[in-house]
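Undergrad: next input, structure requested:
(2 chains)
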Amino acid sequence: MPEEKTPNGKNGKSAGLVERLKAGVKEDLESLKTDLPAKAKEQVEILKKPTKTLVYTSIFRHKHDDTPRNRALGVLSNVFLHLHPAKINRDAVRYSYTWGMGGITFYLFIVLTLTGVLLQAFRDVLYLEHDVPFGKLLRNMHRWAAHLMVIAVELHMFRVFLTGSYKKPREFNWNVGVILLVLTLLLSFTGYLLPDDQLGFWAVTVGTNMARATPLLGHEGPFGAQLGMTPYNDVRFGLLGGSIVDANALLRSYIWHCIGIPIIASIFMILHFWRVRKDGGISGPAPVVLDSEVKEAKK
Amino acid sequence: MDWKQLWEILSAPDNVPIIAMIPLLAFYIYLAWKQASANDVLIAQLETNPSLAKTHHRKAWPFQPGWAKEVHVWPFLLRVEFLAAIIVTIILMVWSITLNAPLEEPANPNLTMNPAKAPWYFLGLQEMLVYFDPWIAGVVMPTLIIFGLMVIPYIDTNPLGAGYYTWKQRKFAIGTFLFGFIILWVSMIFIGTFIRGPGWQWFWPGQTWDHNRLIYEVNRDLPDIFGITSNLGKGIFGAVVVGGFFAIGGMFVHAFFRRHNAKDFKRMSLLQYSIMMTFFLTMLGLPIKMLLRLLFHIKYVWITPWFNV
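TA: Numbers count the residues shown, from 1 in each chain, chains lettered A, B, ... in the order given. Next up is the predicted model:
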């Protein structure tokens, strides 16, 4: 039998086990007394420097002490900031050059998205205004931010024109900007109908009545009748989803306003911002060029 | 002077942004003009002094050797952006707490609002409905505005003034844009908002909106004044007048442009030049048609069975 070969014999084996167990427990208790306090001390030291923890370093990839490298990395390694270059022209930060209108437009778009998503949760403007906490503030902010965005877009375009920033190599991005201007106006216009009050109803009626007169595609427009346009198949019918401004028009407005145009506008914004960088960053302030220095291209 | 009426229009919540636009536009035009004139002074100085032109840093702002030409975005730009966001938020908050968004009676197709106005940024186009048929004012003009804006970079061949404010190097371009933006866009919005009352009639600021006012003005068509009665005659006459405006107006603009913008004229291709001419003359045509209507009560110039201009 294999058991008999062991020195402690059949009974001694279990006795040895108990002794080993005792020794082990004693060792464990010793460890609790010495190792744990040491680890606790170590832990306190680590917690004193939270930026060294595994979690923190997994989120933030670089150090934050004030060195040029870290300043650059702070922008470049951050998804929300990485549209910026690491360094820019010292005069480009002057407010008087850019007026900050492009950035303000984008900020207002974000404000409008946030307030707009919250507004969508309510089916009744009166309920929203009178019973929802801060409901009135929410609707006011959405309305005024929308007006402000139209103004900011127009001022942005004005500034870009005055500084000649649409000139080579930024011709295409100016065009993207024109499309974004149109989309901003359309966003605002489709939002006008959504409270379904007299103001919005008649504004949209006036606006869409013009579509009747579209040449070729409207039933009252030049050559429309000759092409078989009627109030039930022309371009206005397509816009309103009917021949009058009613529930279908409201639904179309709602979908265009909340989903359709924001998606299209976002795509064009991505393109716009990306091209700003690819075309060499913001246009200036550039050193002035003299008329006598212009080299005429050979034709 | 009907102060109550005036206050009613000025204090309509949706009109507040338009009123806010006056000081905003004035401020930014001033800001741009200040920088443009500083740059123009510098340009004139450098043109007369070639040796200075070689060493000058070429900005109206101070610069000294040893200063870094570039600064870190963090923190120098980001702090500006952050401040701008905070200021805009504060403005929005104060505005939203003090002024409520308008909410009228529920939509009622049987009760027409008078005046029924489009949102303020489309009032320029609505004002155009007075002078033009809906297909022009509502469809052709917005299309022309969009395409007109889009062609700008491709027809402006002037390489000067890219990335800095200037007036003297870009008089024609800036003058045209100011004419389009301030006269044709912003001032039409003002007329549509503050002048137009019930029945889209002209009410001076402070004049009471009389919903029963009737204006007995007889609008005539231009062919009628010349005693043309046949449809064919009217069609041909109108085509000649409109064509004549573009031909003769084009000649005037051409005479001006090739003298005062000789370099640009030389640089432009025929296509660029014709596109510029077409848009420029169309822009000029707007106030002319408006004056014909407001001063001489002329409604249409060109009458055909399919469309009227």
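Undergrad: for chain A, what's its nearest residue on the stretch 51-200 of chain B.
TA: B:G138 (2.6 Å; CB to the nearest CB). Quick note: C-beta positions are derived from backbone N, CA and C, even for glycine.
Undergrad: check contacts around that residue.
TA: A:N209, A:M210, A:A211, A:A213, A:T214, B:L125, B:L129 (CB atoms under 8 Å, 6 or more residues apart in numbering or on different chains).
Undergrad: contacting residues around the first one?
TA: In this case it means A:N209. With CB under 8 Å, 6+ apart, A:N209 has these contacts: A:R236, B:P134, B:G138.
Undergrad: which parts of chain B are helices?
TA: Along chain B, the stretches classed as helices by DSSP state H are B:3-10, B:16-48, B:50-55, B:73-76, B:78-98, B:123-131, B:134, B:141-155, B:171-178, B:187-190, B:222-225, B:231-260, B:262-267, B:270-296.
Undergrad: brain fart, the stretch 101-250 of chain A
TA: Taking DSSP state H, counting those that start in this stretch as the criterion, the stretch 101-250 of chain A carries its helices at A:101-119, A:125-130, A:135-162, A:171-192, A:198-212, A:235-240, A:247-255.
Undergrad: helix, strand or coil for the closest residue to B:K266 other than its chain neighbours?
TA: Closest residue to B:K266 apart from its sequence neighbours, by CB to CB, 6 or more residues apart in numbering or on different chains: A:E296 at 7.9 Å. Secondary structure, DSSP: H, G, I helix; E, B strand; the rest coil: A:E296 is coil.
Undergrad: what sits against A:E296?
TA: Contacts for A:E296 were tallied using CB under 8 Å, 6+ apart; they are B:K263, B:K266, B:R267.
Undergrad: and it, what pLDDT?
TA: On pLDDT, A:E296 comes in at 78.
Undergrad: same check on A:K10?
TA: Predicted confidence (pLDDT) for A:K10: 55.
Undergrad: again, but for A:K63
TA: For A:K63, pLDDT reads 80.
Undergrad: tell me the phi and psi of it?
TA: phi -80, psi 170 (degrees, to the nearest 10).
Undergrad: if we can go back for a sec, let's have the helices of the stretch 101-250 of chain A in TSV, adding distance to A:I267 and mean pLDDT.
TA: What follows is the helices of the stretch 101-250 of chain A, written out as TSV (distance: least, CB to CB, whole Å; pLDDT from 0 to 100):
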stretch	distance to A:I267	mean pLDDT
helix A:101-119	13	96
helix A:125-130	30	88
helix A:135-162	17	95
helix A:171-192	10	96
helix A:198-212	25	86
helix A:235-240	22	88
helix A:247-255	17	92
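Undergrad: looking at those, which is closest to B:Y300?
TA: helix A:198-212 (18.4 Å; CB to CB).
Undergrad: just how off-centre is the closest one within its chain?
TA: 31 Å (CA atoms, centre = their mean, to the nearest Å).
Undergrad: do the same with stretch A:48-67
TA: 26 Å.
Undergrad: please see if it touches chain B.
TA: No: between stretch A:48-67 and chain B, judged by CB under 8 Å from any CB of the partner chain, nothing touches; the nearest distance is 9.7 Å.
Undergrad: what's the end-to-end length of that stretch?
TA: End-to-end distance for stretch A:48-67: 23 Å, by CA to CA, to the nearest Å.
Undergrad: the nearest residue to B:N15 once chain neighbours are set aside - how many residues pack around it?
TA: In space, and not counting its chain neighbours, B:N15 is closest to B:T193: 5.8 Å by CB to CB, 6+ apart. By other CB atoms under 10 Å in any protein chain shown, the residues close to B:T193 number 20.
Undergrad: next: A:W174.
TA: A:W174: 21 neighbours (other CB under 10 Å).
Undergrad: B:I225: what's it in contact with?
TA: B:I225 neighbours (CB under 8 Å, 6+ apart): B:I298.
Undergrad: what's the separation between it and chain A?
TA: Shown here: B:I225 relative to chain A, a distance of 24 Å by CB to the nearest CB, to the nearest Å.
Undergrad: so for that residue, what's the pLDDT?
TA: pLDDT, read off for B:I225, is 87.
Undergrad: which residue is the nearest non-sequential neighbour of B:V309?
TA: B:W302 (4.2 Å).
Undergrad: brain fart, A:S188
TA: Closest to A:S188 by CB to CB, 6+ apart is A:A146, at 5.2 Å.
Undergrad: what about that neighbour, how many residues nearby?
TA: A:A146 has 23 neighbours, counted by other CB under 10 Å.
Undergrad: ok, A:Y95 next?
TA: A:Y95: 11 neighbours (other CB under 10 Å).
Undergrad: that one contacts B:V80, correct?
TA: Yes: at 6.8 Å, A:Y95 and B:V80 qualify as touching, with contact defined as CB atoms under 8 Å.
Undergrad: I'd say A:V150 and B:Y121 touch.
TA: Yes: applying CB under 8 Å as the test, A:V150 and B:Y121 come out as touching, 5.3 Å apart.
Undergrad: spit out the residues that contact the two alike.
TA: A:L185, A:S188.
Undergrad: show me what residue of the stretch 201-309 of chain B gets nearest to chain A.
TA: Counting by CB to the nearest CB, the stretch 201-309 of chain B gets nearest chain A through B:F307, at 4.0 Å.
Undergrad: what is the burial count for A:M149?
TA: For A:M149, using other CB under 10 Å, the count is 22.
Undergrad: dump the residue contacts of it.
TA: Contacts of A:M149 (CB under 8 Å, 6+ apart): A:T105, A:L108, A:F109, A:L112, A:T184, A:S188.
Undergrad: among those, name the buried ones.
TA: Neighbour-count burial (16 or more other CB atoms under 10 Å in any protein chain shown) is assigned, among these, to A:T105, A:L108, A:F109, A:L112, A:T184, A:S188.
Undergrad: quick check: chain neighbours aside, which residue is closest to the residue nearest to the spatial centre of chain B?
TA: Centroid-nearest residue in chain B, with CA atoms, centre = their mean: B:F181, separated by 2.4 Å. Using CB to CB, 6+ apart and skipping residues adjacent in sequence, the residue nearest B:F181 is A:F158, 6.4 Å away.
Undergrad: same check on B:E217?
TA: In space, B:E217 is closest to B:H297, 5.6 Å off (CB to CB, 6+ apart).
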